[in-house]
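Colleague: Sequence first, predicted coordinates after that:
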Amino acid sequence: MNPLLLYLLLLKATLTTFSGLASLPVLREDLVVNRHAVTDEQLNVAIVVTRTTPGPVGLYVVSVGYFAGGIPGAIAGWAAMVTPALLIIPLVHYMGRRAESARARGVLQAVVLSSAGLLWSAALPIAQGTITTPVSFAILIASLAVMATRKIESLWVILASAAAQLAATSFGLVSGL
């Protein structure tokens, strides 16, 4: 994929969303559904790599860029990830004390809620492709229950899920994937 086009698509996703994984639905629509530049599986891998390594959550954009365009794509992903941060500095300076107003807080709350909805809308198609056995469905339910009821790092949930799948495969509950 052309690195400039990839940068612009990744930039669109990072500029139109306000937190790390909130760009997922935009990226999925552009790169998986419309352009077939990456697969849902590659998108999953990019998210897992980011969630299991140190660094910002939005770093998965670099991995997505790599899957779509190799090293030039990763560079495009990095550039798309840092561009909004560089653009926000003047905006933060301008907002200053205005951010304490009820209107500004209301707008920020609406953005957070819409980002949560966007995350759910992107997560469902990805999950559908990976829930192929009763064991994978049980892992999904257990992961959701733990994350909803406990304050635990997502890394531990990911590692526990991987261990559960490995154990299920080892004991013959599911065939090798």
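Modeller: Received it, and whenever you're ready, just let me know what you need. This is a predicted model, so every value here is computed, not measured.
Colleague: can we go C-alpha only for contacts and neighbour counts from here?
Modeller: OK.
Colleague: can you pull out the helices in the chain?
Modeller: For the chain, helices defined by DSSP state H occupy the ranges 3-15, 24-27, 40-51, 60-95, 102-130, 134-149, 154-170.
Colleague: Does anything pack onto the worst-scoring helix or strand of the chain on mean pLDDT? Which helices or strands?
Modeller: Least confident helix or strand of the chain, by mean pLDDT, DSSP states H and E, is helix 102-130 with a mean of 78. Helices and strands touching helix 102-130, by 3 or more CA pairs under 8 Å, 6 or more residues apart in numbering; DSSP states H and E, are helix 24-27, helix 40-51.
Colleague: buried stuff in the longest one?
Modeller: For helix 40-51, a neighbour-count test (16 or more other CA atoms under 10 Å) marks 40, 42-47, 50-51 as buried.
Colleague: and which of those residues is nearest residue 152?
Modeller: residue 51 (13.0 Å; CA to CA).
Colleague: where does that closest one land on pLDDT?
Modeller: Model confidence at residue 51, given as pLDDT, is 79.
Colleague: Find the centremost residue of this protein, please.
Modeller: Closest to where the C-alpha atoms of the chain average out (CA atoms, centre = their mean) is residue 21, at 3.4 Å.
Colleague: any weak-confidence spans in this protein?
Modeller: Applying pLDDT under 70 to the chain picks out residues 18-19, 96-99, 176-177.
Colleague: who's in contact with the nearest residue to residue 126 once chain neighbours are set aside?
Modeller: Spatial nearest neighbour of residue 126, excluding adjacent residues (CA to CA, 6 or more residues apart in numbering): residue 40 at 6.1 Å. Shown in contact with residue 40 (CA atoms under 8 Å, 6 or more residues apart in numbering): 28, 32, 126, 129.
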